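A.B. asks: just coords:
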């Protein structure tokens, strides 16, 4: 699953979004910011958008 090389630009963008969200309000990070960063990270690693849901279903 993780054997492909990530897109470094998208991976960096995802990290920046998470860090920015945390710095903006570390006690109450906006869930939408986390979701957006996750979506970008999934694209960076060429993973399906449904990865989290799929993993939750598997237990």
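C.D. replies: Cool, got the structure. Bear in mind that the values here come from a model prediction, so they are computed numbers and not experimental data.
A.B. asks: quick one: the closest residue to residue 52 other than its chain neighbours from residue 31, how far?
C.D. replies: Nearest residue to residue 52 in three dimensions, chain neighbours excluded: residue 38, at 7.3 Å (C-beta to C-beta, 6 or more residues apart in numbering). No exception for glycine: its C-beta is placed from N, CA and C like everyone else's. According to C-beta to C-beta, to the nearest Å, residue 38 and residue 31 sit 10 Å apart.
A.B. asks: so for the two, which sits in the more crowded spot?
C.D. replies: residue 38 (16 against 9; other C-beta atoms under 10 Å).
A.B. asks: surely that one meets residue 14?
C.D. replies: Yes - the pair residue 38 / residue 14 is scored as a contact, 7.5 Å apart, by C-beta atoms under 8 Å.
A.B. asks: if you average pLDDT per helix and strand, which one of the protein comes out bottom?
C.D. replies: helix 51-58 (a mean of 89; mean pLDDT, DSSP states H and E).
A.B. asks: could you check the pLDDT of the residue nearest to residue 52?
C.D. replies: Confidence at residue 38, expressed as pLDDT, is 91.
A.B. asks: now do residue 9
C.D. replies: At residue 9, the pLDDT value in this model is 94.
A.B. asks: grab the nearest non-local neighbour of it.
C.D. replies: Spatially, and ignoring its direct neighbours in sequence, residue 9 is nearest to residue 44 (7.9 Å; C-beta to C-beta, 6+ apart).
A.B. asks: all strands for this structure, in order.
C.D. replies: Under the criterion DSSP state E, the chain contains no strands.
A.B. asks: good, we can wrap up now.
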